[in-house]
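Undergrad: fold the following and give me the result.
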Amino acid sequence: MTLPPLVEPAAELSREEVNRYSRHLLIPDIGVIGQRRLKNAKVLVIGAGGLGSPTLLYLAAAGIGTLGVIDFDRVDVSNLQRQVIHTVDNLGELKVESARQAIARLNPLVKVRTHTERLEADMAVELFSGYDLILDGTDNFATRYLVNDACILADKPYVWGSIFRFEGQASVFWENAPDGRGLNYRDLYPEPPPPELAPSCAEGGVLGVLCAAIASIMATEAIKLLTGIGEPLLGRLMVYDALQMSYRQLPLRRLPQRQAVTALGDYQALCGLNRPAASDAPRVPAISAVQLKSLQDAGRAPVIIDVREPTEWDIVRIDGAVLMPKSEQVAAQIVERYGHDTDLVITCKSGMRSRAVAGDLQRLGHGKVRDLEGGVLAWVRDVEPALPSY
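TA: Residues are numbered from 1 along each chain as shown. Take a look at the predicted model:
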C-alpha cells in the first residue's frame, strides 16, 4: 500500500539540476515532481558508519536537498573496511566532517547539517523535529530504542537497518502512519536481548560489502517515502543472508495492548548496560597492563586466561596467555583445570567479558583472580604498541 509523500515539491529545478538528475526525471514514478520533492526534503542519518556511509552517498547523489548527519566519533583505520564515505586522508577527523567533505565533492547542491554530539534523550526529539525523515543504522539496542521513541514523540517516520557478520535487516517504522498502519521498533523487539547476546560489529565482525546491500535498501525506502511511490517496508522486515544470497520478508504486526510511549527514558538501563553490581557481590579486582607486564618481567607472571573468540585470538594475543572462550561453563572449566588457588588474570578485548568471567570465578570460590583492565586493547596500547589492534 502506497503512503502519501512526506514532503511537498520544491521550486522548479534549475538547468544544472535537470542535467544532474535526468535519469530520475525519465522514470515516470519519480519525474520532475518527485525530484522536486527530494530537493525539498530534509533527512537525518544517524551515524556515519557502516550503514550511514553508503546511505549518505546515495541520498546525496539522489538530490536530497538537506542531509543531516549526527556522529560524535572520529575516523579510525578499522572503519575503512566498510565505511566508504571516509578515506585514509580523513583518519583522526570527526566522521561528520569527513562525510560533509565527501558529500560536497559528490554533490555540492546538497546542504549538509553536521551534529557532532552523542545522540541523547534530552535533545533527540527536538533534533528529529527539524527533519522530515530519520534513518537509523546504529549498532546497539540502547540507541535504537532511543531513536524509536524519539521518532514517536516527534511524529516522524524512520528507516531502520541492522548488520552483523553476513546478515542484514531493514524495515520502516512509523507509529502514526495513515490508515492505522502504524508500527514501531517495539513491535519487532518488545524487550531488548541481554547484552551478552547482542554483540556489536566491533565485537562480532561484519562483512564490509554487506553494509552496501542494506544501505541501498535504506536509501531506496527513504526515496519511496519522500516521494510517495511504491510500497514501503512498513509492516515488513527484510532479512538478507549474504552467504546464501537470499532475501526473506517477514510480516510485522502491531503488538496488542502495548504501552504507549509518552516520554524518553534511561535506555542504557533498559538494555542492561552499566548495570550496578549486586550489593552482596564481591568486587572483581583489576590489574593494569603495565602492572601485568611488570609481574612477567619479575618472573612472577600469573596464568592469563583469554576468554575471547578464536577469530579474535588469531588477530592478536598476549604472549603466554591461554585461550578459553567465554561460555556458561568456562568458569567451572577454569576451576577444574587450575584449581581455586592459582593466581589468575582474565582478559578479553576491552574488559566486559573478562569481568563477567572473573565474577563467576569468585562466586565459585576462587580467591586469586583479577581482571585485566582494558583487556588486550590496553595491552597493545600500553605495553606492545607494535602489535595489531582491532
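
Undergrad: please count neighbours and contacts with C-alpha atoms only from this point.
TA: OK.

Undergrad: where along the stretch 251-390 of the chain do the strands fall?
TA: In the stretch 251-390 of the chain, the segments counted as strands under DSSP state E, counting those that start in this stretch are 286-287, 303-306, 322-323, 344-347, 369-372.

Undergrad: least trustworthy helix or strand in the chain by mean pLDDT?
TA: In the chain, the helix or strand scored least confidently by mean pLDDT, DSSP states H and E is helix 201-204, which has a mean of 81.

Undergrad: what residues of it count as buried?
TA: For helix 201-204, a neighbour-count test (16 or more other C-alpha atoms under 10 Å) marks residue 201 as buried.

Undergrad: if we can go back for a sec, let's have the strands of the stretch 251-390 of the chain in TSV, adding distance to residue 119, mean neighbour count and mean pLDDT.
TA: TSV is the format used below for the strands of the stretch 251-390 of the chain (distance: least, C-alpha to C-alpha, whole Å; neighbours: other C-alpha atoms under 10 Å; pLDDT from 0 to 100):
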stretch	distance to residue 119	mean neighbour count	mean pLDDT
strand 286-287	31	16	96
strand 303-306	33	22	98
strand 322-323	37	16	98
strand 344-347	31	27	98
strand 369-372	30	26	97
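
Undergrad: so which of those strands is nearest residue 227?
TA: Closest approach to residue 227 among these is made by strand 344-347 (51.4 Å; C-alpha to C-alpha).

Undergrad: the closest one pairs with which strands, and in what direction?
TA: strand 303-306 (parallel), strand 369-372 (parallel) (DSSP bridges).

Undergrad: next one: that strand to chain centre, how far?
TA: Its chain's C-alpha centre and that of strand 344-347 lie 29 Å apart, by C-alpha atoms, centre = their mean, to the nearest Å.

Undergrad: stretch 200-210 now?
TA: Here stretch 200-210 shows a centroid-to-chain-centroid distance of 10 Å under the convention C-alpha atoms, centre = their mean.

Undergrad: export that stretch as PDB, just CAs?
TA: C-alpha atoms of stretch 200-210 as PDB (Å, rounded to 0.1, in the frame of the first residue of the first chain):
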ATOM      1  CA  SER A 200      28.200  -5.100  18.100                       C
ATOM      2  CA  CYS A 201      30.000  -5.300  14.800                       C
ATOM      3  CA  ALA A 202      33.200  -4.300  16.700                       C
ATOM      4  CA  GLU A 203      32.800  -7.400  18.800                       C
ATOM      5  CA  GLY A 204      31.500  -9.900  16.300                       C
ATOM      6  CA  GLY A 205      32.600  -8.500  12.900                       C
ATOM      7  CA  VAL A 206      30.800  -7.700   9.700                       C
ATOM      8  CA  LEU A 207      31.400  -8.300   6.000                       C
ATOM      9  CA  GLY A 208      32.200  -4.900   4.600                       C
ATOM     10  CA  VAL A 209      30.100  -5.200   1.400                       C
ATOM     11  CA  LEU A 210      27.100  -6.200   3.500                       C
END
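
Undergrad: which outside residues touch that stretch?
TA: For stretch 200-210, contacts defined as C-alpha atoms under 8 Å, 6 or more residues apart in numbering pick out 50, 81-83, 139-140, 163-168, 242, 390.

Undergrad: ok so, going back, export the strands paired with strand 344-347 to a markdown table and tack on distance to residue 121?
TA: Shown next, in a markdown table, are these (distance: least, C-alpha to C-alpha, whole Å):
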| stretch | distance to residue 121 |
| --- | --- |
| strand 303-306 | 36 |
| strand 369-372 | 33 |
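
Undergrad: how about these, which one is nearest residue 148?
TA: Here strand 369-372 is closest among the strands paired with strand 344-347 (C-alpha to C-alpha), at 35.9 Å.

Undergrad: which stretches of the stretch 251-390 of the chain form helices?
TA: Assigned by DSSP state H, counting those that start in this stretch, the stretch 251-390 of the chain shows helices spanning 267-270, 289-297, 310-315, 330-338, 352-363, 375-382.

Undergrad: would you list those helices in TSV and tack on distance to residue 214 and mean neighbour count?
TA: Output for the helices of the stretch 251-390 of the chain, formatted as TSV (distance: least, C-alpha to C-alpha, whole Å; neighbours: other C-alpha atoms under 10 Å):
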stretch	distance to residue 214	mean neighbour count
helix 267-270	25	15
helix 289-297	39	15
helix 310-315	25	13
helix 330-338	36	15
helix 352-363	29	21
helix 375-382	30	21
